[in-house]
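> Just a sequence and a predicted model for now, questions to come.
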Amino acid sequence: MALPWLQRVELTLLAAAFLCGAVAAVALTRTQGSFRGSCPLYGAATLNGTSLALSQPSAPSLCYFVTGASGFLALYCLLHLLFWVYSSCIEDSYRGPIGLRIALAVSVLAIFLLLVSACILHFGTSSLCKSIVSQNITNSCSAAQKIRWTPPGIALQFYSNLYNAEISSWVNLLLWCVVLVLQIVQWKSEATSFRPRQRGDPAWSSETDVLVGTRLPYY
């Protein structure tokens, strides 16, 4: 059974959302690993001689939340894609009203999680960069990647990873918003197509005529 074109567009967007979620989760995990498990978001940097150090990191759970939300949604997108690819190729499946309502609920939850995650990444990175620039050792956060950090050393690509995670989260949020719009359109179209027939509908009149016979007019 061929999937409706709106659902095919939805699956294409979910494939892109899977990539964005995976990029965000991997980028933030690499950044946290570079700081030996400490979360640099909303952290404060201090000058230790000629090197920088993350003196006041945030709770690791903050980074775990962003990574977990992005990874969970990426996993959902992957499983969702595999299920419908299998269903459309092997089985004769159709997403009914209950399945569509569940998908709508998941999309709303995904938008909420991604909005919170993107805001955390944006404001957390900005707070860290302000702390770095205030040390007067560099004038930008990207340039601070070339300065020695204690730990782990030089060539710390923390800003590039945080920037990639933030951009991926915002793009992912946009994709899920479009997915939600498509699902609402499908829900409204199905609600219209399954509207109960009223007494004045021609189809209703033709069916009742077959069952009870044509009524003779009264004079």
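Nice, thanks for sending it over.
> if you skip the residues just before and after it, what's nearest to residue 169?
residue 118 (4.0 Å; CB to CB, 6 or more residues apart in numbering). For every residue, glycine as well, the C-beta is placed using N, CA and C.
> Helix or strand: which one has that neighbour?
Using DSSP states H and E, residue 118 falls within helix 97-133.
> In that helix, which residues are buried?
100, 103-104, 106-107, 110-111, 113-114, 117-118, 120-121, 124-125, 127-129, 131-133 (16 or more other CB atoms under 10 Å).
> That helix - contacts with which helices or strands?
Packing contacts for helix 97-133, counted by 3 or more CB pairs under 8 Å, 6 or more residues apart in numbering; DSSP states H and E, involve helix 5-34, strand 39-48, helix 60-89, helix 158-193.
> can you list the ones you listed in JSON lines and add mean neighbour count and mean pLDDT?
Shown next, in JSON lines, are the helices and strands packed on helix 97-133 (neighbours: other CB atoms under 10 Å; pLDDT from 0 to 100):
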{"stretch": "helix 5-34", "mean neighbour count": "20", "mean pLDDT": "91"}
{"stretch": "strand 39-48", "mean neighbour count": "20", "mean pLDDT": "88"}
{"stretch": "helix 60-89", "mean neighbour count": "17", "mean pLDDT": "90"}
{"stretch": "helix 158-193", "mean neighbour count": "19", "mean pLDDT": "90"}
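> Now distance to residue 143 too, for those, in TSV please.
Listed next are these as TSV, based on distance: least, CB to CB, whole Å:
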stretch	distance to residue 143
helix 5-34	17
strand 39-48	13
helix 60-89	23
helix 158-193	9
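> Relative to residue 137, which of these is closest?
strand 39-48 (6.0 Å; CB to CB).
> quick one on the thing from earlier: now do the contacts for the residue nearest to residue 169.
Counting by CB atoms under 8 Å, 6 or more residues apart in numbering, residue 118 makes contact with 166, 169-170, 173.
> how close does it get to residue 112?
Separation of residue 118 from residue 112 (CB to CB, to the nearest Å): 11 Å.
> quick one, the helix holding residue 118 and strand 39-48 angle?
Interaxial angle, helix 97-133 versus strand 39-48 (axes from the mean of the first three to the mean of the last three CA atoms, to 10 degrees): 0 degrees.
> angle of helix 97-133 against helix 5-34?
30 degrees.
> Next, the angle from helix 97-133 to helix 60-89.
Going by the same axes, to 10 degrees, helix 97-133 makes 150 degrees with helix 60-89.
> Residue 95 is nearest to which of the helices and strands packed on helix 97-133?
Among the helices and strands packed on helix 97-133, helix 5-34 sits nearest to residue 95 (CB to CB), with 6.9 Å.
> List the contacts of the residue nearest the centre of the chain.
Nearest to the geometric centre of the chain sits residue 172, at 4.5 Å (CA atoms, centre = their mean). Residue 172 makes contact with 17, 20-21, 24, 70, 73, 114, according to CB under 8 Å, 6+ apart.
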